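1. based on what follows, work out the 3D shape:
(one chain, ligands or ions: 1)
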Amino acid sequence: MFNVEILFILQKLVTTNAKTTMEKENKDFLTDKYYYDEDSFQSVQFFPKERTEKLAQQYKKILETLGEDTNREGLTKTPMRVAKAMQYLTQGYFLDAEKILESAKFHEDYQDVVIVKNIELYSLCEHHIIPFFGKAHVAYYPNGFVTGLSKIPRVVDAYARRLQIQERLTNQIHDTINKVLAPKGVAVVIEAYHLCMMMRGVQKQNSYTVTIASSGVFKSEPEKLSYFLDLIGIKS
Ligand SMILES: [Zn+2]
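-> Predicted structure coming up:
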């Protein structure tokens, strides 16, 4: 009994602590547009009541229009779940990617390339609102400043969690790093599978799309770009 209670208290402490850290961290990067509701439906996410209920009502109508019976057991809570899921998947609108990078920008006299590869990426195609997913790889040559390595994946997420096209996503990640760190060069590569192509349309299951945005020394010294592409397994 005693042990069980201790375990419960410990679990509670861990959960509360995780929640506070994550909420605090996210709050630091919010744009002015963002509204935060302490009364959110889930502990670490942002589902303001009024907005979530409005979305749920609309998803219920969509399901009915598609021919579903929204009163059957499996679907009664679906509109509310979708309302929350979609807000989660589009939370990037309220995250400020520049602030994320600026929060961990340090003077450092490191001259060689910094590469963060195989960053998992999940986004939604803005034409069909169907996922595309894959990997992002980022490389930059610092010019007096480096960033905390975890901040690069956070920048990727801030732009991926929106309605997107892969080309724009690639450019936005590139442009943000270029603007905030002003490095000697930046290169961003995204490899992604598009479910809108795989499940519908041309139904090509094995093709994936590669996009590249690069500047500075990656443009003026093409061997630097080739080196990066070789390293991530894309033969140039
Ligand atoms: Zn699409």
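2. where does residue 224 fall, secondary structure wise?
-> Per DSSP states H and E: residue 224 is located in helix 222-231.
3. how near is residue 106 to residue 129?
-> Using C-beta to C-beta, to the nearest Å, residue 106 is found at 39 Å from residue 129. No exception for glycine: its C-beta is placed from N, CA and C like everyone else's.
4. again, but for residue 114
-> For residue 114 relative to residue 129 (C-beta to C-beta), the value is 34 Å.
5. these two: who's more crowded?
-> Taking neighbours as other C-beta atoms under 10 Å, residue 114 and residue 129 compare with residue 114 leading, 17 against 12.
6. for that one, which non-adjacent residue is spatially closest?
-> residue 140 (5.6 Å; C-beta to C-beta, 6 or more residues apart in numbering).
7. quick check on the spatially most central residue of the chain: phi, psi?
-> Nearest residue to the geometric centre of the chain (C-alpha atoms, centre = their mean): residue 157, 1.8 Å. Backbone torsions for residue 157, taken as degrees, to the nearest 10, come to phi -60, psi -40.
8. so who does it touch?
-> 92, 95 (C-beta atoms under 8 Å, 6 or more residues apart in numbering).
9. mark out where each domain of this protein begins and ends.
-> The record's domain split for the chain, according to automatic domain parsing, is 2-92, 97-231.
10. how about low-confidence regions in the chain?
-> Counting by pLDDT under 70, the ranges of the chain that qualify are 1-46, 235-236.
11. repeat that with 80
-> Counting by pLDDT under 80, the ranges of the chain that qualify are 1-49, 201-207, 235-236.
12. please enumerate the strands of the protein.
-> 105-107, 114-125, 131-141, 145-147, 163-164, 185-194, 209-216 (DSSP state E).
13. re earlier: of the domains of the chain, flag the one that's most buried.
-> Among the domains of the chain, domain 97-231 has the highest mean neighbour count (mean count of other C-beta atoms under 10 Å), at a mean of 18.
14. and that one, how far apart are its ends?
-> Using C-alpha to C-alpha, to the nearest Å, the end-to-end distance of domain 97-231 comes out at 26 Å.
15. just stretch 147-155 next, same as before
-> Terminal-residue distance, stretch 147-155 (C-alpha to C-alpha): 11 Å.
16. which residues sit against it?
-> 29, 97, 100-101, 103-106, 114, 116, 119-120, 138, 173, 176-177, 180-181.
17. so which bits of this protein are right by the ion?
-> The chain comes close to the ion at residues 125, 127, 128, 196, as judged by C-beta under 5 Å from the ion.
18. just flag the most distant two among the residues you listed.
-> Maximum pairwise distance among those (C-beta to C-beta): 6.8 Å, between 127 and 196.
19. list residues touching both of those two?
-> If you check residue 127 and residue 196 against C-beta under 8 Å, 6+ apart, no residue is contacted by both.
20. correct me if wrong: residue 110 contacts residue 141.
-> No - between residue 110 and residue 141 there is no contact under C-beta atoms under 8 Å: 9.2 Å.
21. give the residues shared as contacts by the two.
-> Shared contacts of residue 110 and residue 141, defined by C-beta under 8 Å, 6+ apart, are absent.
22. quick check on residue 205: phi, psi?
-> Per degrees, to the nearest 10, the backbone of residue 205 is at phi -80, psi -20.
23. ok, now which ones touch it?
-> Counting by C-beta under 8 Å, 6+ apart, residue 205 touches residue 198.
24. from here on, call the first residue 53.
-> Will do, 53 is the new start, and the previous item becomes residue 257.
25. distance check, it against the ion.
-> 15 Å (C-beta to the ion, to the nearest Å).
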